[in-house]
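Q: Mind looking at a prediction? Sequence and model below.
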Amino acid sequence: MRCPHLPDGFDFTDPDLLQARVPHPEFALMRQTAPVWWCAQPANISGFGDEGYWAVTRHADVKYVSTHPELFSSNTNTAVIRFNETISRDQIEVQKLIMLNMDPPEHTRVRQIVQRGFTPRAVRSLEQALRARARSIVETAHTGAAAGADGSFDFVTDIAVELPLQAIAELIGVPQEDRSKIFDWSNKMAAYDDPEYAITEEVGAEAAMEIVAYAMNLAAARKECPAQDIVSQLVAAEGEGNLSSDEFGFFVILLAVAGNETTRNAISHGMHAFLTHPEQWELYKRERPGTTAEEIVRWATPVVSFQRTATQDLELGGQRIRKGERVGLFYSSANNDPEVFDAPEVFDITRDPNPHLGFGGGGPHFCLGKSLAVMEIDLIFNAIADVLPDLRLLEDPRRLRSAWLNGIKQLQVSTPLG
Ligand code: HEM
């Protein structure tokens with residue numbers, strides 16, 4: 001069924017439409033008139049396939065689908081990561097090794113194991129190192145800007161990129177000398193959607209492969225000679241309560257996708273929001289509210305949408321959905337649903353409560369790295385407020401062409417000299 005109010009051929013997953021910040025008027029219209037809407041046209045989105053899908057745009061419906069894995073399966077198609085043929089397995093089979101694409105009981109088993117690396121204690125143990133990292137990243141950007149003629153720099157490359165990568169490297173114990181390789185692979189993997197980067201799908205797939213191979217080797221080495229790190233804990237002796245080297249390899253690739261680009265874009269969007277809402281920046285510098293990171297994630301919603309597949313014929317939002325049909329969860333729309341948020345169009349770092357779905361709709365796949373992400377966002381903005389309190393926006397951000405990620409690839413800013 002087509003929404004009668006939308007223009008013919010309108011596809012709101014078109015990357016061009018995602019260039020601007022949500023809420024789009026289209027999402028608002030969808031929530032009001034066709035909150036579960038059949039999009040017949042190919043979605044242009046990795047994993048959405050060519051057969052059409054149901055677009056779910058209301059907060060309550062996104063939550064419902066997320067929390068009913070028995071009705072809406074994640075199997076094989078929540079996130080599609082492309083690998084090249086050297087992985088020598090069927091692409092579909094490979095996707096099943098990524099936990100985001102698993103259903104219970106397999107997902108439950110893997111999640112219980114990897115959760116050990118993300119306990120509040122495990123995350124807190126990274127805080128000191130990451131605080132120092134955040135500070136040095138911002139200080140280096142400051143020094144670089146001060147050395148230039150006009151104090152200008154690109155916030156994305158000089159500040160937002162590095163902390164999320166360092167956090168993952170720290171978490172899994174990647175030695176310092178190998179980090180630049182991992183960073184390079186992650187960037188290639190994430191960028192190939194955007195033609196401007198001139199990175200082909202093959203180069204992206206090759207990079208994904210390199211990460212898996214690197215992580216498998218790391219796992220094998222730790223199995224032989226355990227260290228005081230999370231890898232050693234997760235792979236220790238293979239068996240019921242541990243990951244195989246293979247499983248570990250695919251877990252790390254997921255971290256490189258799920259934990260890296262998402263947090264980077266939350267940080268870039270957060271800075272852009274502060275620069276365009278100076279009263280919120282003044283408030284932040286004065287009070288550093290603990291609610292800030294959550295509002296940044298709601299506002300930015302770095303993951304625009306993920307999807308599920310109906311496991312049986314069922315009804316949702318007044319629509320009949322058939323077994324096997326795909327369902328797209330539009331977090332961007334849910335996070336601007338006025339049924340749940342007062343004045344969702346307002347960026348308010350003191351917003352509380354803030355039941356946004358930026359980290360997922362609360363089901364078994366809810367973001368594993370949420371507390372790490374929140375900590376990273378807090379650490380970097382604290383450092384910016386201390387070291388670069390008077391940043392200015394030089395031009396509008398350049399946005400990433402990607403259908404699932406709300407990304408900023410360049411944000412030119414400047415700091416006063418002298
Ligand atoms: C899953 C968002 C940071 C690791 C997810 C999901 C979303 C999400 C929307 C899917 C939830 C669902 O399907 O119900 C974000 C955002 C982040 C962020 C917006 C930053 C602002 C991180 C970080 C890590 C991480 C830092 C780890 C280093 C994961 C993993 C999953 C996941 C492993 C899959 C969980 C599962 O399938 O059980 N994230 N994420 N994320 N995230 Fe995050």
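A: Sure, I can see it.

Q: What residues does the stretch 201-350 of the chain have near the ligand?
A: By Cβ under 6 Å from any ligand atom, the residues of the stretch 201-350 of the chain that approach the ligand are 254-255, 258-259, 262-263, 266, 297, 302-303, 306. (Glycine included, C-beta is placed from N, CA and C.)

Q: top of these by neighbour count?
A: Val297 (29 neighbours; other Cβ atoms under 10 Å).

Q: separation between Ala207 and Tyr214?
A: 11 Å (Cβ to Cβ, to the nearest Å).

Q: residues shared between the contacts of these two?
A: Trp185 (Cβ atoms under 8 Å, 6 or more residues apart in numbering).

Q: Between the two, which is the more surrounded one?
A: Ala207 (27 against 18).

Q: any chance you could map the strands in the stretch 151-300 of the chain?
A: Counting by DSSP state E, counting those that start in this stretch, the segments of the stretch 151-300 of the chain that form strands are 152-154.

Q: Of all the residues in it, which one is nearest the ligand?
A: Gly259 (2.7 Å; Cβ to the nearest ligand atom).

Q: Give me the phi and psi for that residue.
A: phi -100, psi -10 (degrees, to the nearest 10).

Q: Can you check the pLDDT for it?
A: Per-residue confidence at Gly259 stands at 86 (pLDDT).

Q: count of residues packed around the nearest residue in space to it that is not next to it in sequence?
A: Residue nearest to Gly259 in three dimensions, not counting chain neighbours: Gly369, with 4.8 Å by Cβ to Cβ, 6 or more residues apart in numbering. Gly369 is flanked by 24 other residues according to other Cβ under 10 Å.

Q: residue contacts, Gly369?
A: Here Gly369 is in contact with 118, 255, 258-259, 263 (Cβ under 8 Å, 6+ apart).

Q: Repeat that for Pro364.
A: Contacts of Pro364 by Cβ under 8 Å, 6+ apart are 69, 104, 107-108, 111.

Q: just Gly151 next, same as before
A: 145, 414-417.

Q: ok, now with 6 Å
A: 145, 414-415, 417 (Cβ atoms under 6 Å, 6 or more residues apart in numbering).

Q: Looking at the residues you listed, which has the smallest pLDDT value?
A: Comparing the contacts of Gly151 by pLDDT, Leu417 comes last, at 82.

Q: That one sits in which helix or strand?
A: Assessed by DSSP states H and E, Leu417 sits outside every helix and strand.

Q: neighbours of it, just the number please.
A: Leu417: 11 neighbours (other Cβ under 10 Å).

Q: what residues are up against it?
A: Gly151.

Q: how near is it to the ligand?
A: Distance, Leu417 to the ligand, by Cβ to the nearest ligand atom, to the nearest Å: 32 Å.

Q: Report the spatially closest residue to Phe153, excluding sequence-adjacent ones.
A: The shortest distance from Phe153 to any non-neighbouring residue, by Cβ to Cβ, 6+ apart, is to Ala145 (4.5 Å).

Q: Now for that neighbour: which residues touch it?
A: If you count contacts by Cβ under 6 Å, 6+ apart, then Ala145 has 151, 153, 415 around it.

Q: same check, this time on Gly173
A: 229, 231.

Q: State the pLDDT value of Ile408.
A: For Ile408, pLDDT reads 89.

Q: bridging residues for it?
A: Residues in a beta bridge with Ile408, per DSSP bridges, are Arg399.

Q: partners of the host helix or strand of Thr309, with directions?
A: Thr309 is part of strand 305-310 when elements are defined by DSSP H and E. Using DSSP bridges, the strands paired with strand 305-310 are strand 72-73 (antiparallel), strand 326-330 (antiparallel).

Q: okay, that strand in PDB with CA atoms only?
A: Output in PDB follows, covering the C-alpha atoms of strand 305-310 (Å, rounded to 0.1, in the frame of the first residue of the first chain):
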ATOM      1  CA  SER A 305      17.800   2.500  10.400                       C
ATOM      2  CA  PHE A 306      18.300  -1.200  10.800                       C
ATOM      3  CA  GLN A 307      16.000  -3.900   9.600                       C
ATOM      4  CA  ARG A 308      14.300  -7.200  10.500                       C
ATOM      5  CA  THR A 309      12.300  -9.900   8.700                       C
ATOM      6  CA  ALA A 310       8.800 -11.000   9.800                       C
END
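
Q: circling back to that earlier point, looking at the residue nearest to Gly259 now. What's its pLDDT?
A: 96.

Q: ok, now Phe83?
A: pLDDT at Phe83 comes out at 57.

Q: Please report the distance of the residue of the chain found nearest the ligand from Ile168.
A: Nearest to the ligand, among the residues of the chain, is Gly369, at 2.1 Å (Cβ to the nearest ligand atom). Gly369 sits 9 Å away from Ile168, going by Cβ to Cβ.

Q: One more: Gly360?
A: 19 Å.

Q: returning to that earlier point: host element of the residue nearest to Phe153?
A: Per DSSP H and E: helix 127-147 holds Ala145.

Q: repeat for Trp38
A: Per DSSP H and E: strand 36-39 holds Trp38.

Q: Just the CA atoms of that strand, as CSV, please.
A: The C-alpha trace of strand 36-39 is given here as CSV (Å, rounded to 0.1, in the frame of the first residue of the first chain):
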residue,chain,number,x,y,z
VAL,A,36,3.9,1.4,8.7
TRP,A,37,4.3,2.0,5.0
TRP,A,38,5.1,-0.4,2.2
CYS,A,39,8.1,1.0,0.1
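
Q: Can you list the strands that it pairs with?
A: Counting by DSSP bridges, strand 36-39 is paired with strand 53-56 (antiparallel).

Q: Report the mean per-residue pLDDT for the partner strand.
A: 90.

Q: For the following helix or strand past that strand, the averaged confidence score.
A: Of the helices and strands lying after strand 53-56 in sequence (DSSP H and E), the nearest is helix 59-66. What helix 59-66 shows for mean pLDDT is 98.
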